[in-house]
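> need a 3D model of the sequence below.
(2 chains)
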Amino acid sequence: MSGPVLKTAEGFGAGNVAYLQEKFGELLGKPINFTVETDLSLIGGFVAYIDGRVYDAAIKTQLSRFKAGFPKNKARFARER
Amino acid sequence: MVEAAESVGEFLKRRIENFKYTPRIYEYGTVESCADDIVHVRGLSRCRYNELLEFPGGEYGIAMDLEEDGVGAVLLSKSSELTPGATVRQTGGAVTVPVGAELIGRVVDPIGRPLDGGPAADTDRYRPLESPAPSIMQRSGVDTPLLTGILAVDSMIPVGRGQRELIIGDRQTGKTAMAVTAILNQKQENVICVYCAVGQKASSVADVVSKLRAGGAMAYTVVVASTADDCAAMQYLTPYAGCAIGEEFLYSGKDVLVVYDDLSRHAVAYRSMSLLLRRPSGREAYPGDVFYLHSRLLERAARLSDDMGGGSMTALPIVETMSGDISAYIPTNVISITDGQIYLESELFNAGVRPAVNVGLSVSRVGRNAQNAAMKAVSGNLRLDLAEYRDMSVFARFGADIDDATAKLLRRGEKLTELLKQSGDTRYSLSEQVALLLAYGDDAFLNVPDGKISDVRSLLLYFLHEDMKEAMATVDSTGMLTEATRGLFLDKIREFFEKGAAESAKRA
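Have a look, this model is predicted:
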């Protein structure tokens, strides 16, 4: 991908995009102009690709982190009596 | 059921309360090209060597070439639907494998995915596949035997716990059979076993697993397998995965036996990867670091000091030779790394000498330090006897006149050769081996026809188990052979052979 890309779920809003452009611009010290793409699998939040770095604030990723802490063997719940 | 549901609810509530929303920041790269399981990625400027990379579609790869403007990675999956332009993510860590007692009895691939149809191993412990070997001061000397149950090995090429003993020979000479016998013999020995199958046929792996299962060995064995149709990267990782699984037990103070079957295929897989990564090739087209490939693996086998828990990891690497050439590149490399080798010869195998051990070319550098006192007492002259027999048998073939002493030497050699033959499903305990060698040393087998030695041996052991049960149990548990016990054994052995001779005379 060439240039910054912002992937969002549906209905992110132009106002939010502008806000992110401003904040990332302050963070990285240069103007950021996103190409916005819609990715429904993110569920919510956004993923920004800027200069070889990913800033992942998507709900999908957080749910994966949440799920990662689950025990693999369901029988463990039965032993917790 | 209500209690289980509440338990799940409590768990979820706790997890939600403790969960923190944390955005992730990581590097990404873009796939430039993908061919033959090698992916060239542009970007990833902060990627580390051997770092695990995540590709779209849940595929993973390892970064093996770090260049200024990109990374060369090998994929860990057989087939890939990667396209140029796909995004690649660094995971921030090296390849790990799940470890722990939950893996015992399982057949898994090098990254811990089950291959036996069961669920994923329920463990939360992971170890990196690559880790440093114990340092010099963390080790102690190898002084405890690891009994293989094979008379020829335990008496003349003894293996100790913490030793690296190479099994080398041409194809179909019994290398895997020897390793499997060693694993089966650890049933009562409190040794965890790990069998690593590198690039083997799936049918061969299934055969080994079924033998282990039938022998009850899966109660203490983990099988790590990559079959011949797996990609080179998975075959490359297999021995390191097996080693990491073994290390979890090693550093818990346990004794471990790891079999690498075989390192020749491992070297070939690494050569494939290196050539595809366009690394400079050396002798026989292997990359320059093929020695390091095996040395860093085998150095992780050790006997640890008491401060480190006193555990041990014994390695039995297997190397296949071509036409008996042990001076080829990979065999010489691994011979120089290990603490000895057991050389299996095709000629001996075809002549019916099984296990086909060439005692002259086999050695254990740990030697008699790794033998029980009982075995030391009865096995001292075996190598010499066999060496003299080999030398003298040349003269006998030419029909030269030989004196009585030489004739006796030749007969003793023939009987010893027959005595050392052992079928694949037979294993001898320490007491049984000591008894057989005492009988040999007493020339008890001298008048037994060669073809009958196997039957007489079985009957002798049966007789001794009936009449000397306690003495044999004492030898097995203490590893010692007192003079009194030795005398008892010899009396019983002579009684057995006298009875046998009397019955043969009656029938005649």
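
> contact partners for B:Leu146?
B:159-161, B:163, B:182, B:186, B:189, B:191, B:255, B:257, B:314, B:370 (CB atoms under 8 Å, 6 or more residues apart in numbering or on different chains). C-betas here are computed from N, CA, C, even on glycine.

> one more time with 7 Å
B:Leu146 is in contact with B:159-161, B:257, B:314, counting by CB atoms under 7 Å, 6 or more residues apart in numbering or on different chains.

> equivalent analysis for B:Ala152, please.
Contacts of B:Ala152 by CB under 7 Å, 6+ apart are B:355, B:357, B:420.

> please redo it, this time with the cut-off set to 10 Å
Going by CB atoms under 10 Å, 6 or more residues apart in numbering or on different chains, B:Ala152 touches B:178, B:342, B:353-357, B:359, B:362, B:382, B:386, B:416-417, B:419-422, B:433.

> those in helices, which ones?
Using DSSP state H, the subset of those located in helices is B:178, B:382, B:386, B:416-417, B:419-420, B:433.

> ok, so of these, who is nearest chain A?
Taking CB to the nearest CB as the measure, chain A lies nearest B:Met178 of the ones in helices among the contacts of B:Ala152, at 36.3 Å.

> touching, B:Ser492 and B:Lys469? I think so.
Not Ser; residue B:492 is Lys. No. With contacts counted by CB atoms under 10 Å, B:Lys492 stays clear of B:Lys469, the gap being 11.5 Å.

> wait, doesn't B:Ser336 sit right on B:Val319?
No. Contact criterion CB under 10 Å: B:Ser336 and B:Val319 do not qualify, at 11.9 Å.

> okay, those two: which has more neighbours?
B:Val319 (28 against 10; other CB atoms under 10 Å in any protein chain shown).

> what sits closest to that one if chain neighbours are left out?
Spatial nearest neighbour of B:Val319, chain neighbours left out: B:Ile168 (4.7 Å); criterion: CB to CB, 6 or more residues apart in numbering or on different chains.

> neighbour count: B:Lys492 and B:Lys469, which is higher?
Taking other CB under 10 Å, B:Lys492 and B:Lys469 do not tie; B:Lys492 has more neighbours (20 against 11).

> pretty sure the more buried one is in a helix, no?
Yes. When DSSP: H, G, I helix; E, B strand; the rest coil is applied, B:Lys492 is found to be in a helix.

> quick one: low-confidence ranges for the chain?
Since no chain was named, I'll use chain A. A:1-2, A:69, A:71-81 (pLDDT under 70).

> think we crossed wires, I meant chain B
B:1-6, B:79-80, B:399-400, B:504-508.

> for it, longest strand please?
Counting residues, the longest strand found in chain B (DSSP state E) is strand B:24-35.

> for whichever helix or strand comes after that strand, packing partners?
Moving toward the C-terminus from strand B:24-35, the next helix or strand (DSSP states H and E) is strand B:38-43. Where contact means 3 or more CB pairs under 10 Å, 6 or more residues apart in numbering or on different chains; DSSP states H and E, strand B:38-43 is packed against strand B:24-35, strand B:51-55, strand B:59-66, strand B:70-75, strand B:87-94, helix B:263-276.

> picking up where we left off before, closest to B:Thr96 out of the ones in helices among the contacts of B:Ala152?
B:Met178 (31.5 Å; CB to CB).

> wait, the closest one touches B:Val357, no?
Yes. In this structure, B:Met178 is within contact of B:Val357 by CB under 10 Å, at 8.5 Å.

> overlap in contacts of these two?
With CB under 10 Å, 6+ apart as the test, B:Met178 and B:Val357 both reach B:150, B:152-153, B:167, B:169, B:342, B:344.

> okay, B:Gln433 and B:Thr485: tell me how far apart.
With the distance defined as CB to CB, to the nearest Å, B:Gln433 ends up 14 Å from B:Thr485.

> got the buried residues for stretch B:281-297?
B:286-287, B:290-291, B:293-297 (16 or more other CB atoms under 10 Å in any protein chain shown).

> swap in stretch B:158-173?
For stretch B:158-173, burial by neighbour count (16+ other CB under 10 Å) applies to B:158-170, B:173.

> now do stretch B:129-149
So, applying 16+ other CB under 10 Å, buried residues of stretch B:129-149: B:129-130, B:133-134, B:139-140, B:142, B:144-149.

> straight-line length of it, end to end?
31 Å (CA to CA, to the nearest Å).

> roughly how far is that stretch from the heart of the chain?
14 Å (CA atoms, centre = their mean, to the nearest Å).

> again with stretch B:103-121
19 Å.

> pull out the buried residues from that stretch.
Buried residues in stretch B:103-121, counted by 16+ other CB under 10 Å: B:103-112, B:115, B:121.

> does that stretch reach chain A?
Yes. Against chain A, stretch B:103-121 shows contacts by CB under 10 Å from any CB of the partner chain at B:119-121.

> let me know the closest of these to A:Lys23.
Nearest to A:Lys23 among these, with distances taken as CB to CB, is B:Ala120, at 40.3 Å.

> spell out the secondary structure type for that closest one.
With three-state DSSP as the criterion, B:Ala120 reads coil.

> which SSE is the closest residue to B:Asn333 other than its chain neighbours in?
Once flanking residues are discounted, B:Asn333 sits nearest to B:Phe291: 5.0 Å by CB to CB, 6+ apart. Using DSSP H and E, B:Phe291 falls within helix B:290-298.

> distance check, B:Gly253 against chain A.
26 Å (CB to the nearest CB, to the nearest Å).

> what's the local residue count around that residue?
So B:Gly253, with other CB under 10 Å, has 13 neighbours.

> how about B:Asn18?
By other CB under 10 Å, neighbour count at B:Asn18 equals 8.

> tell me the spacing between it and B:Asp401.
Applying CB to CB to B:Asn18 and B:Asp401 gives a distance of 91 Å.

> and what of A:Leu63?
With CB to CB as the criterion, A:Leu63 and B:Asp401 are 90 Å apart.

> which one of the two is surrounded by more residues?
A count of neighbours by other CB under 10 Å puts A:Leu63 above the other of A:Leu63 and B:Asp401, at 12 against 6.

> residues in contact with the more buried one?
A:43-44.

> so it, which of the three states?
Looking at A:Leu63 with three-state DSSP, the answer is helix.

> same check, this time on B:Val222
Under three-state DSSP, B:Val222 comes out as strand.

> ditto for the one 4 residues further on
Three states are possible here, and by three-state DSSP the one that applies to B:Ser226 is strand.

> now do B:Ala444
Going by three-state DSSP: B:Ala444 is coil.

> next up, the contacts around it.
By CB under 10 Å, 6+ apart, the neighbours of B:Ala444 are B:415, B:436, B:438, B:456, B:460, B:490, B:493-494, B:496-498, B:500.

> any of those residues buried? List them.
By 16+ other CB under 10 Å, the contacts of B:Ala444 give B:415, B:436, B:438, B:456, B:460, B:490, B:493, B:496-497, B:500 as buried.

> just the closest of those to chain A, please.
Looking across the buried ones among the contacts of B:Ala444 and measuring by CB to the nearest CB, the closest to chain A is B:Leu436, at 47.8 Å.

> tell me the phi and psi of the closest one?
Phi and psi for B:Leu436, reported as degrees, to the nearest 10, are phi -60, psi -40.

> show the contacting residues for it.
B:151, B:155, B:378, B:419-420, B:428, B:444-445, B:457, B:460-461, B:464, B:493.

> over to B:Gln200?
B:176, B:206-208, B:225-228, B:235, B:238, B:261-262, B:265.

> adding neighbour count and distance to chain A, write the residues you listed out as a markdown table.
Formatted as a markdown table, the contacts of B:Gln200 follow (neighbours: other CB atoms under 10 Å in any protein chain shown; distance: CB to the nearest CB, whole Å):
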| residue | neighbour count | distance to chain A |
| --- | --- | --- |
| B:Thr176 | 21 | 32 |
| B:Ala206 | 15 | 25 |
| B:Asp207 | 14 | 30 |
| B:Val208 | 25 | 27 |
| B:Ala225 | 29 | 21 |
| B:Ser226 | 28 | 23 |
| B:Thr227 | 20 | 25 |
| B:Ala228 | 14 | 30 |
| B:Gln235 | 25 | 26 |
| B:Thr238 | 28 | 23 |
| B:Asp261 | 30 | 29 |
| B:Asp262 | 27 | 32 |
| B:Arg265 | 21 | 31 |
